[in-house]
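S.K.: I'll drop the sequence and a predicted model, then ask my questions.
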Amino acid sequence: TTLGTSSAIVNGTVMGIVIIYRRKWRFIFMLVPILGISVFLDFWDLLVFSHFDLTALNMIFRLLIFVVGTFVITFGLSLIILSDFPAGVFDELMVMFMDIFKTKSVFYTRLGVELLAIVLAILFGFLANIGLGAVNYGSVLLAILLAPILSWQMRWIGAFIYERP
């Protein structure tokens, strides 16, 4: 199983949960980005970076890439969530959980969603007989860090966007 296929399975499962809860078939359109992301994940993983060995890089440089990537991901998520653009699968799941638990806390809700994603990825990895698969320490660390960084960025981006002159 490739990284893209695993991504499609996990995202498709989450999409199914959102559709069942919301009872709106418009969420089926989330298949378009799910399939697009899956194809591009495999493209970059199997074709472009197949001979690129990150383990050869200095640990400081790898950590820098991780930190910059984390802030870029959360910045993009913040813009999507605060805009009128359709949210992604895990963003819709986060909003769904916020409705279910009647909370406005992005922090705790997103933390729960990210940890659920890790658990699903590990579960599917063991079901596919590949063990942890692509899940590693960085995945777990990102799941834990994403919630506070996203919450912080949404506060300052929201204040910046919705500030009245």
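M.R.: Here it is on my side, so go on.
S.K.: C-alpha only now, for contacts and for neighbours.
M.R.: Will do.
S.K.: what's the spacing between stretch 47-54 and its chain's center?
M.R.: 22 Å (C-alpha atoms, centre = their mean, to the nearest Å).
S.K.: could you give the mean pLDDT of it?
M.R.: The predicted model gives stretch 47-54 an average pLDDT of 82.
S.K.: who touches it?
M.R.: Residues from elsewhere that reach stretch 47-54 (C-alpha atoms under 8 Å, 6 or more residues apart in numbering): 44, 62.
S.K.: and what of stretch 33-46?
M.R.: Looking at what lies outside stretch 33-46 - C-alpha under 8 Å, 6+ apart - the contacts are 2-5, 7-8, 11-12, 50, 88.
S.K.: Buried members of those residues into ChimeraX, please.
M.R.: In ChimeraX, this line selects whichever of the contacts of stretch 33-46 come out buried by 16 or more other C-alpha atoms under 10 Å:
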select :3,4,5,7,8,11,12,88
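S.K.: out of the contacts of stretch 33-46, which are inside helices?
M.R.: 3-5, 7-8, 11-12 (DSSP state H).
S.K.: Adding distance to Met96 and pLDDT, write those residues out as TSV.
M.R.: Shown next, in TSV, are the ones in helices among the contacts of stretch 33-46 (distance: C-alpha to C-alpha, whole Å; pLDDT from 0 to 100):
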residue	distance to Met96	pLDDT
Leu3	26	82
Gly4	25	88
Thr5	25	87
Ser7	20	85
Ala8	20	91
Asn11	15	88
Gly12	16	91
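S.K.: Which one of the residues you listed is nearest to Asn136?
M.R.: Taking C-alpha to C-alpha as the measure, Asn136 lies nearest Leu3 of those, at 13.1 Å.
S.K.: What's the separation between that closest one and Tyr108?
M.R.: Distance of Leu3 to Tyr108, computed by C-alpha to C-alpha, to the nearest Å: 27 Å.
S.K.: Helices of this protein, start to end?
M.R.: Going by DSSP H, the chain shows helices at 3-22, 31-42, 59-82, 89-100, 106-127, 137-161.
S.K.: got a list of contacts for the fifth one?
M.R.: In this structure, residues lying in contact with helix 106-127 by C-alpha under 8 Å, 6+ apart are 6, 10, 90, 93-94, 97-98, 131-133, 135, 139-140, 143-144, 146-148, 150-151.
S.K.: tilt between it and helix 137-161?
M.R.: 150 degrees (axes from the mean of the first three to the mean of the last three C-alpha atoms, to 10 degrees).
S.K.: Check the gap between Leu123 and Val10 for me.
M.R.: As judged by C-alpha to C-alpha, Leu123 and Val10 stand 10 Å apart.
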